[in-house]
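A.B. asks: Fold the following for me, if possible:
(one chain, ligands or ions: 1)
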Amino acid sequence: MSERLQKVIAHAGVASRRKAETLIATGHVKVNGKVVTELGTKVNVSDEVKVDEVPISKEPPVYYLLYKPRGVITAVSDDKHRKTVVDILKEVPERIYPVGRLDYDTSGLLLLTNDGDLDNKLTHPKYEVEKTYVAKVKGIVTNDDLKQLRTGVVIDHRKTAKAKTKLIRTNKESSIVSLTIHEGRNHQVKNMFERIGHPVEKLSRETYGFLDLHGLQAGEYRRLRPHEVEELKELSENVKR
Ligand code: URA
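C.D. replies: Presented below is the predicted three-dimensional model:
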């Protein structure tokens, strides 16, 4: 599989993706002995990539599960100096990055890895894994509302795929709803509830495929167990839609 040069450099732990782009543009990078300054050049594993004459080497792959707290940005670094999910895992020596994204004000399960191949597969629309969110939304959600979420609502001119729903409870002014989707569009859950007239007040991701937050508090993380990594890989190979 070929990948963009800046991504390969970033994944090798040499620099962030943005710094890798600068390294390429300023002539520090050679592919098979030739300087390449074009961003987006595709390379594959058989290509020899050197940064300042030093061949890049791949770090061993590592996999972490984080219970992301609210008020943390899902990114490796932030221009506005907000705390990032990678800051929480600062003791991890490998250059890990988040798989997909949770909004700043969303909490819950987030995977981080330096395995670009698995990241690509898990976030590719063709392979998207099932994820369950629990949302506190404004107003009383009816059976009809739930049905709309399940069958699909139109966001940006495109209907969302079939989903699963469960009404957990309601009180006078709000409802708690569990929503399981396998797509990963930007702000998808918030947009889906907005569409049916129940804006999200609080959102948390409870599961990702077979993984859940069991045993973790917000802000805590753990390494995935080898069998979980295997299962994730199988999941990303098998899910075809
Ligand atoms: N959907 C959203 O709207 N926000 C998230 O953080 C995740 C899914």
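A.B. asks: Next, the most centrally placed residue in the chain: secondary structure please.
C.D. replies: The residue lying closest to the centre of the chain (CA atoms, centre = their mean) is Gly100, at 1.3 Å. Following DSSP: H, G, I helix; E, B strand; the rest coil, we place Gly100 in the coil state.
A.B. asks: ok, now how distant is it from Val54?
C.D. replies: From Gly100 across to Val54, the span is 31 Å (CB to CB, to the nearest Å). For the C-beta atoms, the positions are set from N, CA and C on the backbone; glycine is no exception.
A.B. asks: pLDDT below threshold where in this protein?
C.D. replies: 1, 58, 238-241 (pLDDT under 70).
A.B. asks: Could you verify that Tyr64 is part of a strand?
C.D. replies: Yes - under the criterion used here (three-state DSSP), Tyr64 sits inside a strand.
A.B. asks: tell me which residues form a beta bridge with it?
C.D. replies: Leu112, Arg223 (DSSP bridges).
A.B. asks: do Gly108 as well
C.D. replies: Those that pair with Gly108 in a beta bridge, by DSSP bridges, are Lys68, Arg205.
A.B. asks: Provide a list of residues in contact with it.
C.D. replies: Taking CB atoms under 8 Å, 6 or more residues apart in numbering as the criterion, Gly108 is in contact with Tyr67, Lys68, Leu102, Tyr133, Leu203, Ser204, Arg205, Glu206, Leu213.
A.B. asks: Pipe those into a markdown table and attach distance to Glu230 per row.
C.D. replies: Formatted as a markdown table, the contacts of Gly108 follow (distance: CB to CB, whole Å):
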| residue | distance to Glu230 |
| --- | --- |
| Tyr67 | 22 |
| Lys68 | 24 |
| Leu102 | 25 |
| Tyr133 | 26 |
| Leu203 | 30 |
| Ser204 | 27 |
| Arg205 | 22 |
| Glu206 | 22 |
| Leu213 | 20 |
